[in-house]
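Participant: Quick one: sequence plus predicted model below, questions after.
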Amino acid sequence: MPQTATRRRLISLYRHLFQFFGPQHWWPARSPFEVIVGTILTQNTAWTNVEKAIAALRDARLLHPAAIDTIPQEQLARHIRPAGYYNMKAVRLKHFTHFLLTRYGGSVRRMFRGKQLELREELLGISGIGEETADSILLYAGNQPIFVVDAYTRRVLERHELIAAKMSYGEIQRLFMTHLPTDPALFNEYHALLVAVGKTYCRSTPNCKDCPLQYDLPNGSPLLPRP
DNA sequence: TTCCTGTGTA
DNA sequence: TACACCGGAA
């Protein structure tokens, strides 16, 4: 692990976020399978809406692979309606569930038994699971040490000039993973904290006033209300 | 780049 | 009324 200025800044950001927000307790769910359902439902969707959809699935006793595999797509879509993109997401849930049943006999535990990189490739092969969702599944359902990059991560790091706008998902992920210790609990908390600061402060229109990361801004001054 | 879509908030 | 929301496919 290189002892660079980048590393010190990444750790400094983490410390300030944790001091300010405290532990985020991600991922809120009752089972690893429910985590995976959540990762698909929350694609480009506010978590409050996902909670409603998951509650609906629980009430309908659909929070296990066999049930989602069996129920007609249109009915599944109706249950997850509050999460938005419900037709697409019903198909995606069925794609993952079918994969889990045929490849691992419906067992999430068995799915996580193999090598991380091989499972990641398998997940990316499922239509509806991209890099962020695959890594969220590995980290938050499987407790595997892989860093999740999302829109908030990009925005915060870009505004703090730790990454360039054009950097790919993998490049940003490597930035974290080469400079931080390989620790799933750290990766878990760090990503959750980036989401927390992104929601309240590092919004589309920046709200640097009272942001816990103000000290680290380029030129040491708040960003103008224009991104 | 555009489409997919309901919901909460400014 | 507008806008963003713990993205991915084509």
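Facilitator: It's in.

Participant: buried stuff in stretch A:145-159?
Facilitator: Neighbour counts using 16 or more other Cβ atoms under 10 Å place A:145-150, A:152-159 of stretch A:145-159 among the buried residues. The way it works is simple: take the backbone N, C-alpha and C, and place the C-beta from them, glycine included.

Participant: from those residues, which ones fall inside helices?
Facilitator: Using DSSP state H, the members of those that fall in helices are A:Tyr152, A:Thr153, A:Arg154, A:Arg155, A:Val156, A:Leu157, A:Glu158, A:Arg159.

Participant: and the spatially most central residue of chain A, what pLDDT?
Facilitator: By Cα atoms, centre = their mean, chain A has its centre lying nearest to A:Ser136, at 4.5 Å. A:Ser136 is assigned 96 on the pLDDT scale.

Participant: helix/strand/coil for it?
Facilitator: Following DSSP: H, G, I helix; E, B strand; the rest coil, A:Ser136 is assigned to helix.

Participant: In space, what's closest to it - neighbours in sequence excluded?
Facilitator: Leaving out its chain neighbours, the residue that sits closest to A:Ser136 by Cβ to Cβ, 6 or more residues apart in numbering is A:Thr39, at 4.3 Å.

Participant: before we move on, what SS does that neighbour have?
Facilitator: Three-state call for A:Thr39 (three-state DSSP): helix.

Participant: What about it, how many residues nearby?
Facilitator: 25 (other Cβ atoms under 10 Å).

Participant: How about the contacts made by the residue of chain A found nearest DNA strand B?
Facilitator: The minimum distance from chain A to DNA strand B, using Cβ to the nearest atom of the strand, falls at A:Gly84 (2.4 Å). Going by Cβ atoms under 8 Å, 6 or more residues apart in numbering, A:Gly84 touches A:Asn44, A:Thr45, A:Asn49.

Participant: how about a cut-off of 10 Å?
Facilitator: By Cβ atoms under 10 Å, 6 or more residues apart in numbering, the contact set of A:Gly84 is A:Leu41, A:Thr42, A:Gln43, A:Asn44, A:Thr45, A:Ala46, A:Asn49, A:Val50, A:Ala53.
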